[in-house]
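[1] Sharing a sequence plus its predicted fold:
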Amino acid sequence: MYEPDKADLNEVLPDVRDGLTRTERIILHVLNETQKELNGRNVPTVMLYGRVQEYVDITEQELNEILGRMGARS
């Protein structure tokens, strides 16, 4: 029987402090840093996706689902 290791669980279980998963926290961090670079302007999803890919293996669809749950407008 497959038993996920601790790293797998950290990816999918929300943290008790804020309810965010590791992936969600990375997305928010990258979004914040990119907004600073763009002087507060909106960050194109494609740009965000490329930068998030440097930290997490995620598909565009997964990113869009997470952004939708977080309340991002399309």
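    Everything's here; your move.

[2] going forward, measure contacts and count neighbours with C-alpha atoms only.
    Will do.

[3] how about the spatially most central residue of the chain, secondary structure?
    Centroid-nearest residue in the chain: residue 27, 2.8 Å away (criterion: Cα atoms, centre = their mean). Three-state call for residue 27 (DSSP: H, G, I helix; E, B strand; the rest coil): helix.

[4] OK, contacts around it?
    48, 52 (Cα atoms under 8 Å, 6 or more residues apart in numbering).

[5] Helices of the chain, start to end?
    Listed in chain order, the helices of the chain (DSSP state H) span 6-12, 22-37, 45-52, 60-69.

[6] end-to-end on stretch 30-44?
    Taking Cα to Cα, to the nearest Å, stretch 30-44 runs 12 Å from one end to the other.

[7] Contacts for that stretch, please.
    Residues contacting stretch 30-44 (Cα under 8 Å, 6+ apart): 48, 51, 52.

[8] Can you tell me which of these is nearest residue 70?
    residue 48 (14.5 Å; Cα to Cα).

[9] gap between that closest one and residue 63?
    9 Å.

[10] sorry, back to before: for the residue nearest to the centre of the chain, give its distance to residue 56.
    9 Å.

[11] Now the contacts of stretch 30-44 in JSON lines, please, with extra columns for distance to residue 21, pLDDT and neighbour count.
    JSON lines is the format used below for those (distance: Cα to Cα, whole Å; pLDDT from 0 to 100; neighbours: other Cα atoms under 10 Å):
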{"residue": "48", "distance to residue 21": "18", "pLDDT": "97", "neighbour count": "17"}
{"residue": "51", "distance to residue 21": "18", "pLDDT": "97", "neighbour count": "15"}
{"residue": "52", "distance to residue 21": "14", "pLDDT": "97", "neighbour count": "20"}
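
[12] Looking at these, which one is closest to residue 67?
    Of the contacts of stretch 30-44, the one sitting nearest to residue 67 (Cα to Cα) turns out to be residue 48, at 10.6 Å.
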